[in-house]
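> Fold the stuff below for me.
(chains A and B)
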Amino acid sequence: MSLSRRNFVIATSVAAGGSMVLSACSSGGGGGNSGKHAGTDKYTGSVTVGTKEDSTGPAPEIEGAKKGGNIIGIGPSDFSHLDPQRIYYAWNSTVANLYIRALTGYKIASDGSMKLVGDLATDTGTMADEGKTWTFTLKDGLKWDDGSELTVEDVRHGIERAFATFTTEGAMYVQSALVGSSDFRSKYKGPFSNKHLDSIVTDKAKKTITLKLKVARPDLNFTLAMHSYGAVPVGHDTKEKYDKDPVSAGPYKIAQHAIDKSMKLVRNPHWDPKTDAIRNAYPDSFTFQFGTEGLAAADRLIAQSGDDQYAVMAYSGVPAERLQKVLTDPELKKRTINGLLSGLYYYAINCKRITDPKVRQALNYAWPLEQIRRIYGGQSAGDYATSIISPDILGYDHQDVYGKAKKPQGDPEKAKALLKEAGKVGQKIVYTYPKGGNDAYEKTKVVIVNALKAAGFDPVVKAVDQGSYYDQVQQIDNNFDVMWFGWSPDWPTGYTVMQPLFDGATIANGSNNVSQLNVSWVNDAIKKNAVITDPKAAGAAWEELDKKIMTELAPIIPETFQRRFYLYGSKVGGALFDPLFSGFIMYKLHVKA
Amino acid sequence: MFRFLVRRILGAAVILLIISAITFLLFYVAPRDPARVACGKVCTPQTLALVKHNLGIDDPLPVQYWHWLEGVFVGRDYASFGHCNAPCLGYSFQNRVPVLSLIEDRFPTTISLALGSAVVFVIFGVGTGMIAAVKQGKALDKIASSASLIGSSLQIYIVGIVAMYYLSDEWGILDRPNDSSGFTDDPGAWFSGLLLPWFVLAIIFTANYTRMTRSQLVETLSEDYVRTARAKGLSARTVFFRFAWRGAMGPIVTILGLDLGSLLGGAVITEQTFGLHGIGALSVKAVRDNDLPMLLGVVLVAAGAIVLFNIVVDAVYALIDPRVRLA
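Residues are numbered from 1 along each chain as shown, chains lettered A, B, ... in the order given. Next up is the predicted model:
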């Protein structure tokens, strides 16, 4: 029963991988139900950039939805942070959507397609200087939950306090771009000594905020949608203590919070729906109950006695043990949502140790995706990943360099031939994975070893305790050849995948370029693509780089885009899978009469 | 008696000190970096160093331990949180609130769970044990003995889940376990929320008490002084309760004390199974989060409960059985 919980812990506590944002993985463990009951094969994501009109509130009404009632969220763990600048993980973001607002945000349609729109801003911003200067204008009527006006200074404050010494958990992109260094805290100490950044200019009368970056970032309007850059009221910033008692700019505010036990949100009377193109707000309140594992939560939703009719499984999905039951019972199946996680599960190949690209290509051919996915729970556990970039990324175009869609079970003949060509038959491969987190990895280890042997490799397994897994594989000098890993993009453009994973300049202890790929043409292409201003052209360029990297360098073995199922009570309406944060979209839920 | 208590309490303090030092050391033996908890997805060396400084784990180990001890006895000042009054067990790495406040918040659930189930298992355990002893060798004894054998071989994570599924989800007889209401806020909700865990926990524990009570009673009932009492023509009831029962209760009190001590340290599996928020759930989370101050806090509570109940057992034993002299 603690399977999903343990998995969840990889997700949150070993923040390092970050990757594991995606892994409150409901799958794994159970095994055996291959090929049955896939949820849906259509990709939910597909993001576009919206217009000013798209950014104007109110959000479209949901048919039949009425105001009132209380929605219950049942989750395994508390939200680790409530302070916007300390929020990074999907689980925190699902609730952050209810009270935090940033300059931009995503408007999600009922088919799951996403549009980047202005949230606090009137539109998605005006770019100048080829992506080095960005200007946003605030909407009229924006207020904090005490009725005071939300100003451009509050927006600037939210960005500036991301430099403070206590906001170490949040994203770093905007800070680095504003001062031109990843060691940004040495350049600016945050707003608490009343010093502001020269690179942010605000005009209170015109309600504009202009960011002047040291490097071009044509997708900055996507970056600014992260909750890490949410606004914070200058006058009510309690610094470290703000994490316990944040001020709301959204439709709900936090009324009660007992750490690791429960949290209640009630309506923020000062939120004006006309200022908000993204959020509906039908329920009068939300109550989150923490400490219930995925299996227990699924059982509660299956039984849905009493108030559980108004409940949803928050964050921890239906575990493999119950998936079969849920998908074969029409009444239960009707009460589920599902979607792909935004991230990619993959195996990083240590390019410093496995230097011959032919060997890395052979590994890609040999890898037994089908057998691995069967262990995760079969087709309903997710889709094969055949590329680096995932379906939710802007410009995604299905690619399959190694023909994995046709031969997911692996192609040992081709792998062997490549090894022979390289003169590396019998190549030793040290494979590692986190031990103690998810039983599934104990099983996938076996099929991986078998597949490698069949392809002419000499596999050696060295598992690492999950508590220190990231510490060890993210060391430059490690002794692993192939490392289980995962990456979840921070916003849906190719930059957030390719730059952190393959930019040679990032290689350091703790870096996410676990493959330690450092190839000049890749580094150059990342630099070049990062400044393409047209989103469509940029999307195509990232796709091309994906294909070229996989074909010529093969630094990773993509595994799966995992699918997660959630149950909800029969009195809950408006249930929709969030393509960004992989859970329910809380602000679209409503209570059925 | 007074000297005994003073000596035992001083001894207990030394034990707790040693346990805290060992926990501290063991924590750092494991190759885990607690700073990772608060270092973002792209964890640069600069950010990692900053987090270590924020958490106060950039000092050498003995200095860190000294600061912790200082906090316990005279309080401690934090740059970002201000003064933490003695006894200060530190701030939780994960939650950034004082460890003691979380323990105080969770302890009522743990006490409710431990004492409530103790009431159930003592009544049922000792009761069936007595019946079995009186009806020794008869059908009732055999049923009670085998039921207790089955009970003691069951596991909470199985009985608990099965009981929850049938008793609350399917048949709706008992409420789903829930600890959101304290005894003082709403006694009714407190009682119905904990009834199921009490009974499940009691199923496992009752067995021990049945077997223990039965064997103790069977033994004392055949003792000379009991036979003498019978021979003197005392009624069966008087012989049983005043003579045999009292003599048999000594060892029962001993295990009850030890069981309570360990239950108060946190019923980890029980709390996980029922989604209750007590000391046990807190300790599991502390381990998973690499949260050293929290871990030290719950280890000390658990150790403290066991040490305390050992003292209580020794004292009570002396009261029940005058033969035991406290030297």
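> Please work out how many residues are found near residue 256.
Using chain A here. Other residues near A:Gln256 come to 10 when the count uses other CB atoms under 10 Å in any protein chain shown. For the C-beta atoms, the positions are set from N, CA and C on the backbone; glycine is no exception.
> meant chain B actually
23.
> which residues does it contact?
B:Ala118, B:Val122, B:Tyr209 (CB atoms under 8 Å, 6 or more residues apart in numbering or on different chains).
> Do you know the pLDDT at the closest residue to chain B within the stretch 251-400 of chain A?
The minimum distance from the stretch 251-400 of chain A to chain B, using CB to the nearest CB, falls at A:Ala303 (3.5 Å). Predicted confidence (pLDDT) for A:Ala303: 91.
> and the closest residue to it other than its chain neighbours, which of the three is it?
Among residues not flanking A:Ala303 along the chain, B:Asp169 sits closest, at 3.5 Å (CB to CB, 6 or more residues apart in numbering or on different chains). Under DSSP: H, G, I helix; E, B strand; the rest coil, B:Asp169 falls in the helix class.
> And chain B, is stretch A:501-519 touching that?
Yes: Stretch A:501-519 reaches chain B (CB under 8 Å from any CB of the partner chain) through A:Thr506, A:Ala508, A:Asn509, A:Gly510, A:Ser511, A:Asn512.
> Next, the nearest residue to A:Gln371 once chain neighbours are set aside: secondary structure please.
Of all residues not flanking A:Gln371 in the chain, A:Val447 sits nearest, at 3.9 Å (CB to CB, 6+ apart). Three-state assignment for A:Val447 (three-state DSSP): helix.
> could you list every residue that touches the residue of the stretch 251-400 of chain A closest to chain B?
Under the criterion of CB under 8 Å, 6+ apart, the neighbours of A:Ala303 are B:Tyr165, B:Ser168, B:Asp169, B:Glu170.
> Setting the sequence-adjacent residues aside, check what's closest to the residue nearest the centre of chain A.
Nearest to the geometric centre of chain A sits A:Ser488, at 4.5 Å (CA atoms, centre = their mean). Distance criterion CB to CB, 6+ apart; nearest residue to A:Ser488, sequence neighbours excluded, is A:Gly343 at 3.2 Å.
> Which stretches in the stretch 301-450 of chain A count as strands?
A:311-313, A:336-340, A:344-349, A:382-384, A:428-432, A:434-435 (DSSP state E, counting those that start in this stretch).
> can the ones you listed go into TSV with extra columns for mean pLDDT, distance to B:Gln46 and mean neighbour count?
TSV is the format used below for those (pLDDT from 0 to 100; distance: least, CB to CB, whole Å; neighbours: other CB atoms under 10 Å in any protein chain shown):
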stretch	mean pLDDT	distance to B:Gln46	mean neighbour count
strand A:311-313	96	38	26
strand A:336-340	93	35	23
strand A:344-349	96	24	25
strand A:382-384	93	36	19
strand A:428-432	97	27	20
strand A:434-435	90	26	21
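> B:Ala12: which of those is closest?
strand A:434-435 (37.7 Å; CB to CB).
> picking up where we left off before, just give me the neighbour total for the residue nearest to A:Ser488.
The number of residues near A:Gly343, taken as other CB under 10 Å, comes to 25.
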